[in-house]
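K.L.:
Take a look and give me a structure for this.
(one chain, ligands or ions: 1)
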Amino acid sequence: MLLIGSHVGFNKNTQILGSLEEALSYGANTFMFYTGAPQNTIRSQIDEKLTEKARQKMKEIGMDEKKIIVHAPYIVNLCNEEKFDFSVNFLVAELERINELGIKYMVLHPGSHVGIGIEKGIENISKGLNLIFSKVKNNNVTILLETMAGKGTEVGSKLEEIKEILDKVEEKEHMGVCLDTCHLNDAGYDLEDFDEFLNTFDKIIGLEKIGCIHINDSKNEQNSHKDRHENIGFGTIGFDKLIKIIYNEKLENIPKILETPYVDREYAPYKYEIEMIKNKIFDKDLIQKIRAKDI
Ligand SMILES: [Zn+2]
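P.N.:
Model (predicted):
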């Protein structure tokens with residue numbers, strides 16, 4: 001089954017119930033959210049009643065709660081010593097919150113080594129993950145390391161780097177990978193023949209480790225190491241390649257999440273992008289239509 005959704009908001013008054021309703025308004029059958037703002041670590045307590053209501057609603061409409069994703073905030077960085085303790089403490093609390101929400105997956109950026117070198121960065125993140133797992137009791141959450149664009153000193157733009165981290169983490173059953181099409185393109189991977197990419201992935205890491213795919217077009221050329229997301233079909237990857245990835249039969253039942261930019265920073269494009277994906281027909285006038293509210 002095609003599982004398609006986008007990232008959605010989460011605010012302290014409506015929590016996961018509000019996130020679910022936003023996702024449904026886009027015609028999505030799964031979604032991803034941050035448990036607060038993506039750029040900070042201010043988090044509110046989980047409201048059991050709202051969580052229960054959301055789970056009830058998901059059951060009613062047949063949405064699989066096991067496929068819903070939480071994204072850790074960008075500012076945690078396990079690779080670098082300066083932010084290490086802060087990141088470990090935040091992620092322990094975050095995993096406890098996610099367990100409370102009954103969510104199974106958390107996407108995490110491996111981090112940036114900020115000058116100490118990739119090998120040292122990989123060592124630090126692995127050490128951090130082992131420490132985190134040792135501190136969270138009865139953990140049911142799998143951490144999905146996201147493949148990165150290789151901007152600045154980012155770790156994880158090569159599959160081999162992700163593999164090295166996975167090898168060093170003891171709780172293997174609670175580790176997986178999140179692919180991001182924009183990041184893969186910007187990191188230098190050729191998405192023309194995605195089966196070939198998946199074969200490479202399978203050899204290095206193992207297909208069974210893929211827990212989520214971020215579907216984004218890219219504003220930049222392959223191998224640019226930039227990481228700027230573009231709306232579906234409006235970037236350098238293009239609609240046809242993205243559709244082939246979304247409908248690749250090896251990736252069935254893996255949640256596909258859009259993190260494309262708001263039009264003019266104001267209008268969420270997700271309802272319309274999801275529609276295009278479901279119909280497999282690209283609308284080259286989509287952005288203009290959203291802008292003119294002519295849709
Ligand atoms: Zn991400």
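
K.L.:
Walking through this structure, point out its helices one by one.
P.N.:
Listed in chain order, the helices of the chain (DSSP state H) span 15-25, 48-61, 81-101, 118-135, 159-168, 181-187, 194-204, 239-246, 270-279, 286-291.

K.L.:
Buried deepest among those helices, which one?
P.N.:
Most buried of the helices of the chain, by mean neighbour count (mean count of other CB atoms under 10 Å): helix 181-187, with a mean of 26. Any C-beta I mention is one placed from the backbone N, CA and C, and that applies to glycine too.

K.L.:
Pull that helix out as PDB, backbone CA atoms only.
P.N.:
Provided in PDB are the C-alpha atoms of helix 181-187 (Å, rounded to 0.1, in the frame of the first residue of the first chain):
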ATOM      1  CA  THR A 181      15.700  12.000  -2.000                       C
ATOM      2  CA  CYS A 182      16.900  15.600  -2.000                       C
ATOM      3  CA  HIS A 183      19.800  14.700   0.300                       C
ATOM      4  CA  LEU A 184      20.800  11.600  -1.800                       C
ATOM      5  CA  ASN A 185      20.800  13.800  -4.900                       C
ATOM      6  CA  ASP A 186      22.800  16.500  -3.300                       C
ATOM      7  CA  ALA A 187      25.200  14.000  -1.800                       C
END
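
K.L.:
quick check: mean pLDDT across it?
P.N.:
On average, the pLDDT along helix 181-187 is 98.

K.L.:
Also stretch 97-107?
P.N.:
If you average the pLDDT over stretch 97-107, you get 95.

K.L.:
Between the two ends of that stretch, how far is it?
P.N.:
End-to-end span of stretch 97-107 (CA to CA, to the nearest Å): 14 Å.

K.L.:
Could you list the residues in contact with it?
P.N.:
16, 32, 35, 43, 46, 48, 51, 55, 65-72, 94-95, 136, 138-144, 146, 176, 178, 211-212, 214 (CB atoms under 8 Å, 6 or more residues apart in numbering).

K.L.:
okay, the helices of the chain in a markdown table with distance to Leu2 next?
P.N.:
Below are those laid out as a markdown table (distance: least, CB to CB, whole Å):
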| stretch | distance to Leu2 |
| --- | --- |
| helix 15-25 | 15 |
| helix 48-61 | 16 |
| helix 81-101 | 24 |
| helix 118-135 | 31 |
| helix 159-168 | 25 |
| helix 181-187 | 16 |
| helix 194-204 | 16 |
| helix 239-246 | 7 |
| helix 270-279 | 8 |
| helix 286-291 | 20 |
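
K.L.:
Tell me which of those approaches Asp264 most closely.
P.N.:
Among those, the nearest to Asp264 by CB to CB is helix 286-291 (6.1 Å).

K.L.:
CA atoms of that closest one as CSV?
P.N.:
Extracted C-alpha coordinates of helix 286-291, given in CSV (Å, rounded to 0.1, in the frame of the first residue of the first chain):
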residue,chain,number,x,y,z
LEU,A,286,0.6,24.0,-9.4
ILE,A,287,2.7,26.6,-7.6
GLN,A,288,1.1,29.4,-9.4
LYS,A,289,-2.3,28.0,-8.7
ILE,A,290,-1.6,27.6,-5.0
ARG,A,291,-0.2,31.2,-4.9
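
K.L.:
Other residues contacting it?
P.N.:
Contact with helix 286-291 is made by 231, 233-234, 263-264, 267, 269, 272-273, 276, 283, 294-295, as judged by CB under 8 Å, 6+ apart.
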